[in-house]
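> The sequence and its predicted three-dimensional model are supplied below.
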Amino acid sequence: MMNAQDDIFDRVNKTLRSVIPKSSREAAIGLETDLQALGMDSLNFLEFLLALEDEFGLQLTDDVLRLKAVRTVSDALELVRCAEAGSST
């Protein structure tokens, strides 16, 4: 049985794979995977954050969308957790 943490990771992973360059889509992705190492540029990064908004029904602020604090998959998970809790939206 999948717990909520695993479900969030799977949804973030699926969302990430939809926006990273095709050449990186088969790469292994873990919590500490660096997003830039997957070939993401600033446009991919923005697409990823907007796709996370859609996937999780979040409303991220412009400050968060411009923030470069999301460097790893773990950072993205934390962003989702905080946004769902209402502390970073």
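Okay, I see it. A quick note: this is a predicted structure, and the numbers were derived from the prediction, not measured.
> so who does Lys18 touch?
Wrong residue type there; residue 18 is Ser, not Lys. Shown in contact with Ser18 (Cβ atoms under 8 Å, 6 or more residues apart in numbering): Ala51. (Each C-beta comes from the backbone N, C-alpha and C, glycine too.)
> That one looks like it's in a helix, true?
Yes: membership of Ser18 in a helix is supported by DSSP: H, G, I helix; E, B strand; the rest coil.
> so what does the one helix or strand Leu77 maps to touch, helix or strand wise?
If you go by DSSP states H and E, Leu77 is part of helix 73-85. With contacts defined as 3 or more Cβ pairs under 8 Å, 6 or more residues apart in numbering; DSSP states H and E, helix 73-85 has these neighbours: helix 4-19, helix 42-56.
> Hey, what's the angle from the shortest one to helix 73-85? Just curious.
Which is helix 42-56. Relative orientation of helix 42-56 and helix 73-85, computed by axes from the mean of the first three to the mean of the last three Cα atoms, to 10 degrees: 40 degrees.
> Contacts for helix 42-56 next, please.
Against helix 42-56 from outside (Cβ under 8 Å, 6+ apart): 11-12, 14-16, 18-21, 35, 40, 58-60, 64-65, 70, 76, 79-80, 83-84.
> Can you check the pLDDT for Glu47?
pLDDT recorded at Glu47 is 92.
> in the helix holding Leu77, what's buried?
73, 75-77, 79-80, 83 (16 or more other Cβ atoms under 10 Å).
> Over to stretch 15-22?
Buried-residue list, stretch 15-22, by 16+ other Cβ under 10 Å: 15-16, 19-20.
> could you dump the residues you listed to JSON lines with distance to Ala4 and pLDDT?
Converted to JSON lines, these look like this (distance: Cβ to Cβ, whole Å; pLDDT from 0 to 100):
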{"residue": "Thr15", "distance to Ala4": "16", "pLDDT": "96"}
{"residue": "Leu16", "distance to Ala4": "18", "pLDDT": "96"}
{"residue": "Val19", "distance to Ala4": "23", "pLDDT": "94"}
{"residue": "Ile20", "distance to Ala4": "24", "pLDDT": "94"}
